[in-house]
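Engineer: Give me a 3D structure for the following:
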Amino acid sequence: MTEPTQGSDILQRIERTLDTLRPYIASHRGNVEVVDYDEGQGILLLRMGGTCHGCSAATVTLRQGIEARLRELVPEVRQVEAI
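Structural biologist: Below is the predicted model:
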């Protein structure tokens, strides 16, 4: 059995953090999924879906909700971008 890499631990913590936010996002008929994480630069790429896709409030949700929570609970994440 191989040891999990640090990157997989970070991704697990990212997913757990997003799981705490998904009910709120879902209540607005939206969703969020991890696309990629650059461990070297600390950049997380997310896809906002459902009604979040193209919504003007999605940027606020991304910055003030998702990014703020992730930077607090997963300090390796330095920046969050939506694609």
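Engineer: C-alpha from now on. contacts and neighbour counts both.
Structural biologist: Will do.
Engineer: just for the chain, where's the confidence low?
Structural biologist: 1-7 (pLDDT under 70).
Engineer: let's go with 50 and repeat that
Structural biologist: Residue ranges of the chain with pLDDT under 50: 1-4.
Engineer: For the residue lying closest to E67 once chain neighbours are set aside, list each beta-bridge partner.
Structural biologist: Of all residues not flanking E67 in the chain, V80 sits nearest, at 5.7 Å (Cα to Cα, 6 or more residues apart in numbering). Beta bridges link V80 to L44, judged by DSSP bridges.
Engineer: Does V80 touch G65 like I think?
Structural biologist: No: counting by Cα atoms under 8 Å, V80 stays clear of G65, with 10.9 Å between them.
Engineer: more crowded one of those two?
Structural biologist: In this view V80 and G65 are compared by other Cα atoms under 10 Å, and V80 has more residues nearby, 19 against 14.
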